[in-house]
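Student: sequence and predicted model, in that order:
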Amino acid sequence: MNPEDAHGPMHRSGPRSGVDGEEVTAMSLTTSVDEVESGGSRLSVAGEIDLANVAEFGAALHGMLAGGSSAVLDLTEVTHFGSTAIGALIGAHAIAGERSVRMVIRPSAIVRRVLEATRLDATFVLADANA
């Protein structure tokens with residue numbers, strides 16, 4: 001079975017052109033947006049979110065917030081979450097507020113540590129990874 005059939009469209013980052021035509025391999029990132037029973041959506045993200053693929057992460061966040069009154073951002077499989085990812089998440093939080101979408105984040109341990117260290121855990125609705 002094709003993974004796209006079971007989980008909706010999946011996107012993976014891959015090689016990119018760098019300076020002087022050198023190939024730059026982006027850190028692995030996989031995203032998948034699914035509709036959930038409550039009429040909202042769920043975005044599942046796996047891998048590393050960094051400068052090389054934050055635009056893809058941001059586009060997936062926008063897709064998750066495109067419709068419905070609720071959104072679940074599943075980051076339980078994220079292994080790197082830096083400042084660019086934080087910026088994308090803050091932008092998504094603002095859009096969710098403008099659209100009256102309740103966004104819940106299921107963070108991995110590393111994402112939770114980053115959000116706690118930056119005190120953004122008080123800004124976002126965080127759920128347990130098992131929820």
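Tutor: Arrived safely, thanks for sending. Fair warning: this is a prediction, and the values are worked out from it, not measured in the lab.
Student: rest of the way, CA atoms for contacts and neighbours
Tutor: Noted.
Student: could you spell out the sheet neighbours of whichever strand in the chain runs longest, each with its direction?
Tutor: Counting residues, the longest strand found in the chain (DSSP state E) is strand 70-81. When sheet partners are counted by DSSP bridges, strand 70-81 sits next to strand 41-49 (parallel), strand 102-107 (parallel).
Student: mean pLDDT for those: which is lowest?
Tutor: Mean pLDDT values for those show the minimum at strand 41-49, a mean of 93.
Student: quick one: that one to chain centroid distance?
Tutor: The chain centre lies 4 Å from the centre of strand 41-49; the measure is Cα atoms, centre = their mean, to the nearest Å.
Student: after it comes which helix or strand?
Tutor: Note on strand 41-49: by DSSP states H and E, the next helix or strand toward the C-terminus is helix 54-64.
Student: which strands or helices does that next one pack on?
Tutor: For helix 54-64, the elements it packs on are strand 29-35, strand 41-49, helix 83-98, judged by 3 or more Cα pairs under 8 Å, 6 or more residues apart in numbering; DSSP states H and E.
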